[in-house]
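Student: Coordinates for the following, if possible.
(chains A and B)
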Amino acid sequence: MSQVFHDIEKKIIASLKENPLQTPETLEKSTELLPDQIRRGIEWLKLKNLAIVDESKSSTLSLGKNGLDSFENGLPERRLLNLVKNGPRKLFDLQKQLGFIFGPAMGLCRKNNWIETSSDEIILKTIPSILPGEKTLQQIGSGKLSKGELDIADLTDLLKRPDFIVEDIVKSKKISLTNSAKSIDVSNISGAIDVEAKVPELFVARTHPLKDTIDEIREIFVTLGFSEIFGNMTQSSFWNFDALFTPQDHPARELQDTFFLDNISAKKIGTAEQIRQVSDSHKKNWRYQWDINEARKMVLRTHTTCVTIKHLAENKPDEARIFSLGRVFRNEKVSYKHLVEFNQIEGIVVGKDANLRNLMGIQREFYKRIGITKIKFWPTFFPYTEPSLQTMVYNEKLGKWIELFGMGIFRPEVTKPLGITKPVLAWGGGIERIAMLKYDLDDVREFYNNNLGWLRSNTKCQ
Amino acid sequence: MPVIELSYSRLQKLIGKVSKKQISDSLPFLGLDIESEDKDLVRIEYSPNRPDYSTDYGIALGLQGLLGIKIGSVKLTIKKSNNYHITVKPTVSKIRPFVTGIIAKNGKIDDKTIKQLMTMQEDLHFGIGRKRKKSSIGIHDLDKISFPLIYTTTTKNHKFIPLNSEKELSISKILSDTETGKDYGSLLGQSSQVPIIVDANKNTVSFPPIINAAITTVTTKTKNLFVEVTGINKDDAEDMLSVVATVLQSAGFTLEHIQISGVKNSSPKLQEKKMIVDPSLINQTLGLNLNTTKIITSLKKSRLTALSKGKKIICSIPAYRFDIFGPMDLVEEVALGYGIQNFEPTISPSQTIGQTNPLSLQLKSLDQTMIGLGFLEALNSSLSSKRVLYDMTNRDSKKIISVLDSKSQEHTILRDSILPGLIENLSRNIHESYPQKMFETGSIFNLDNPISEKTNLAVISAHKDANFTEIKSVLQTVLKIGFGIQIETKTVIDSSFKNGHCANIIFNKNIIGIIGEIDSKIIDNYKIRVPVVGFEISLSDSIFKSLKN
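Tutor: Residues are numbered from 1 along each chain as shown, chains lettered A, B, ... in the order given. As a prediction, the model looks like this:
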């Protein structure tokens, strides 16, 4: 491989050729690179055996609290000598004037024989022009210095004094070029970089894959002329079941299939007329005593059909194309193919000429747009539609037919009591199933695991 | 949906000249889903509205029609007879007031037939019998019974040898010790009296709806059958009987009448009912243009009888087809007889203009903004658990909304907040690289006459340098860029957040959410090793509404 250098490396080599021994700090200045870039650049050059990094420790000195005080006002002994140089002074006055430094100052002056005491007075004997430590104090005070630059004897005196001198140990790096690096002509290197090298992995922020499928399906229906409506996930049994001709003793209305909310009933479930008509239809056709309290029980909707039927009952349109998309619930054991909560799309067409072949046509068009062309229809049964069909679609990957959307025409027993006079075509189905095919998933739970490994790695454009 | 197991070779015998492939190709077009196949055996799922499909006899009748081998309705031939009589005593009225029945003679019963009859009985009990509450069946060996019978009540001390037992048991013992007694005993209520059918020799025949007597057990040696159906509604009981009668006749039995009398009870007629249907309703609903002859043929292929009368069609519907309520059901019968595979889908031009709901559009813009800020979208269930919502996050669980009898421990309570779920998500990702930044929009639920559903946004960020300033910047930016609104944050104490690092989010003087650094105890609970910051705001009342004004 040809020798290729990153821009950072080139700048560092150039600078070191001019100034052979540098610290990272001086390199920062000479190359105008950021500290992190310098750090990386040195690391790369070291790995390529082009740079030598010499790590050493050094200490620097600075003034502590008492040292700073002396730097500004003079050493304690200097201040005492200055006070007595114009004649003897009372010990008591000096003590008051100098405060806590009086003690150490007296001790030093007496030890060095610069003063003498007579009864309660202090008298100067001699005053040196420079006291020990004064020179070093000045040097340190005017800038941090390393030990090597100072008079060690003079420093030692100061180091003994509390809080005078602070010693910092600093690790430093000295960077130089190896011999082979010295011969590199930076200006002659081509602009090439190591394009084959590995680069760091990035994680993209993105919408959830299931949300992408939902959005895609929503858009298809909007372009087919359908308008989206919303409804609550918590519904009275009246709209989830009764209005859809599901008798109150139907097995689907048992706790083992449907989530009933603990001890929560709706006070108002519909208009008096709606309630009367629906209950009459049940009594007549299913032959049992319809109980309004059963209809009041709140459930987690088992389909979005409750939202559309409510919309139809409230608006009674003669012509409409409407869809509803959202979460529905089933009291199931969670497994790789069942969730307790999943998304459903459900759509309806209202119109005087709406017929079964139109309903099949809309399905075929929808499947075509999500890339499924091999479809067939089979008869099936739903309590609230007649006739009822289901779509079977052929999955190439699995090599078999799988069941997708169910559909039918709302029964007169459903529409009549709610004052809906025109035929209503309805269809619906789970979205996770479609998304599983799209993302090649075997386990439907993956959609709700929020497993970053999967979310971060999933292909976005499918 | 109920499932039944059939044998292709048996079906072939019942149907007539037909190949195995013709059968398997046709089954779906009767509305029967093939669950699995294994050589001669096939498992089929059928709709609960067609209990006649609970035996291969019933399915054979349907296939004969669809394949054009035998068409038109199945007529029940019931011989008049004075030999069989059941008297109903008034005491049953308050417990299980109705009994009906039929005699079936000279049939051949092999193991497979017994198996078919038993599954039929079970499916009828479960489906239209509503777990024996509405009606239940007993099938007995006629030759072990001496007519006339009495349908009456007895005390719980009464003893007889029940099915599958070798010794006499009292009614009390049957109710407390046998499986069916335990399962269905509650249907009899609190009364000290229980219904019973006894024969002329005072032998117990049946203790409905719980169990038959052992003496009348049907075996492969049985030739003649007595079928009784008891129930709380006469019509429902006769509906059930009509299915059994049709199946037994198809199985080769000769049917004979039973005379039933006493307290509103009468002999079953099991008659066809007539229904008039307008061909224009059929063609309009199906989008076809079939002439009357074609419609009549289609109805006949669905095993109904039809005649044209003027512009209308009169249809005769056998008693066992009680799933047919009105003309719309006949439309479906025409569709099936015509063959769903023969329908060509069409697209009718739309007269309407499609529209995405404004809420969806707003949420989509919000998603885009969050993604622009580097956050990944998460999705959690609305139905969560006490552990995730309250225990792990130290939140107050006084006003929970729970569901009854959930089969999954993880899904028992409707969430009143999204953030706890996102924190739990972090705990499942501690091995993934940081920073981990996620958001979720979705519904939250609160008790409010009865329940209010609102849309919230929750955002979370976890990495070694996560702090309040970072997450407040995100909050501020998403609201400014997303909605052009400005918020303030005011110190508050909240059990989910670190003290002094938590604030209410204020917009237009209202608290619309909470923001802060997640309390270290919660992070420890979940064994997350980096600081976590997050916020949650309500979009429904404040932010989305402010857009409209």
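Student: what about the strands in the stretch 1-150 of chain B?
Tutor: B:3-7, B:33-38, B:41-45, B:78-79, B:85-88, B:98-105, B:135-141, B:149-155 (DSSP state E, counting those that start in this stretch).
Student: Kindly provide the distance from B:Thr219 to chain A.
Tutor: Plainly put, B:Thr219 is 32 Å away from chain A if you go by C-beta to the nearest C-beta, to the nearest Å. Bear in mind the C-beta positions are built from the backbone N, C-alpha and C, glycine included.
Student: That residue - that's part of a strand, no?
Tutor: No: read with DSSP: H, G, I helix; E, B strand; the rest coil, B:Thr219 is coil and lies in no strand.
Student: before we move on, the earlier item: could I get the strands of the stretch 1-150 of chain B as a markdown table with mean pLDDT?
Tutor: Shown next, in a markdown table, are those (pLDDT from 0 to 100):
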| stretch | mean pLDDT |
| --- | --- |
| strand B:3-7 | 90 |
| strand B:33-38 | 90 |
| strand B:41-45 | 93 |
| strand B:78-79 | 92 |
| strand B:85-88 | 93 |
| strand B:98-105 | 95 |
| strand B:135-141 | 94 |
| strand B:149-155 | 93 |
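Student: what's the weakest-modelled helix or strand in the chain?
Tutor: By default, I'm working from chain A. strand A:145-146 (a mean of 72; mean pLDDT, DSSP states H and E).
Student: quick one, phi/psi of the nearest residue to B:Ala503 once chain neighbours are set aside?
Tutor: Spatial nearest neighbour of B:Ala503, chain neighbours left out: B:Thr489 (3.7 Å); criterion: C-beta to C-beta, 6 or more residues apart in numbering or on different chains. When read as degrees, to the nearest 10, the backbone of B:Thr489 gives phi -120, psi 130.
Student: where do the helices sit along the stretch 1-150 of chain A?
Tutor: Applying DSSP state H, counting those that start in this stretch to the stretch 1-150 of chain A gives helices spanning A:7-18, A:24-31, A:35-47, A:65-73, A:76-84, A:91-98, A:102-111, A:134-141.
Student: try the stretch 151-300 of chain B
Tutor: B:171-177, B:179-184, B:234-250, B:279-286, B:292-301.
Student: One more: the stretch 1-150 of chain B?
Tutor: Remark: helices assigned in the stretch 1-150 of chain B by DSSP H, counting those that start in this stretch are B:8-15, B:20-26, B:56-66, B:111-126.
Student: Go through those helices and pick out the most buried.
Tutor: Mean neighbours per residue, mean count of other C-beta atoms under 10 Å in any protein chain shown, is largest over the helices of the stretch 1-150 of chain B for helix B:56-66, with a mean of 24.
Student: What helices and strands are in contact with it?
Tutor: strand B:3-7, helix B:8-15, helix B:20-26, helix B:234-250, helix B:292-301, helix B:327-338 (3 or more C-beta pairs under 8 Å, 6 or more residues apart in numbering or on different chains; DSSP states H and E).
Student: what's the angle between it and helix B:327-338?
Tutor: Using axes from the mean of the first three to the mean of the last three C-alpha atoms, to 10 degrees, the direction of helix B:56-66 lies 70 degrees away from that of helix B:327-338.
Student: Show me what helix B:56-66 is in contact with.
Tutor: B:4, B:6-7, B:10-11, B:14-16, B:18, B:23, B:26-27, B:29-30, B:32, B:44, B:46, B:50-53, B:69-71, B:74, B:116, B:243, B:246-247, B:250-251, B:300-303, B:336-337, B:339 (C-beta atoms under 8 Å, 6 or more residues apart in numbering or on different chains).
Student: from the residues you listed, which are also near chain A?
Tutor: Restricting the contacts of helix B:56-66 to those touching chain A (C-beta under 8 Å from any C-beta of the partner chain) yields B:29-30, B:50, B:336.
Student: Point out where the stretch 301-450 of chain B drops to low pLDDT.
Tutor: Residue ranges of the stretch 301-450 of chain B with pLDDT under 70: B:350.
Student: quick one, strands of it?
Tutor: Using DSSP E, counting those that start in this stretch, the strands of the stretch 301-450 of chain B run over residues B:305-309, B:312-317, B:376-377, B:383-384, B:413-414, B:436-447.
Student: With the stretch 101-250 of chain A instead?
Tutor: Counting by DSSP E, counting those that start in this stretch, the strands of the stretch 101-250 of chain A are A:115-118, A:121-124, A:145-146, A:165-177, A:227-229, A:234-236.
Student: what's the least confident stretch among those strands?
Tutor: Ranked by mean pLDDT, the strands of the stretch 101-250 of chain A end with strand A:145-146 at the bottom, a mean of 72.
Student: Check which helices and strands that strand sits against.
Tutor: strand A:51-63.
Student: Could you export the helices of the stretch 151-300 of chain B as TSV, including mean neighbour count?
Tutor: Shown next, in TSV, are these (neighbours: other C-beta atoms under 10 Å in any protein chain shown):
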stretch	mean neighbour count
helix B:171-177	18
helix B:179-184	15
helix B:234-250	23
helix B:279-286	19
helix B:292-301	21
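Student: How are the helices of the stretch 301-450 of chain B distributed by residue range?
Tutor: Under the criterion DSSP H, counting those that start in this stretch, helices of the stretch 301-450 of chain B are mapped to B:327-338, B:358-372, B:386, B:419-427.
Student: ok, back up a step: out of the ones next to chain A among the contacts of helix B:56-66, what pair is the most spread apart?
Tutor: Largest separation among the ones next to chain A among the contacts of helix B:56-66 by C-beta to C-beta: B:Phe29 and B:Arg50, giving 13.6 Å.
Student: my guess is A:Lys416 contacts A:Ser281, does it?
Tutor: Yes: using C-beta atoms under 8 Å, A:Lys416 makes contact with A:Ser281 at a distance of 7.3 Å.
Student: higher neighbour count, these two?
Tutor: Applying other C-beta atoms under 10 Å in any protein chain shown to A:Lys416 and A:Ser281 shows that A:Ser281 carries more neighbours, namely 22 against 14.
Student: and that one, how far is that from chain B?
Tutor: 10 Å.
Student: can you give me the strands in the stretch 251-400 of chain A?
Tutor: Ranges of strands in the stretch 251-400 of chain A, per DSSP E, counting those that start in this stretch, are A:260-265, A:297-300, A:320-329, A:341-350, A:375-379, A:385-395, A:400-410.
Student: dump the residue contacts of A:Leu437.
Tutor: Contact analysis of A:Leu437 by C-beta under 8 Å, 6+ apart lists A:395, A:397.
Student: do you know how far the residue lying closest to B:Phe322 once chain neighbours are set aside is from A:Arg287?
Tutor: Spatial nearest neighbour of B:Phe322, chain neighbours left out: B:Asp239 (4.6 Å); criterion: C-beta to C-beta, 6+ apart. Counting by C-beta to C-beta, to the nearest Å, the gap from B:Asp239 to A:Arg287 is 10 Å.
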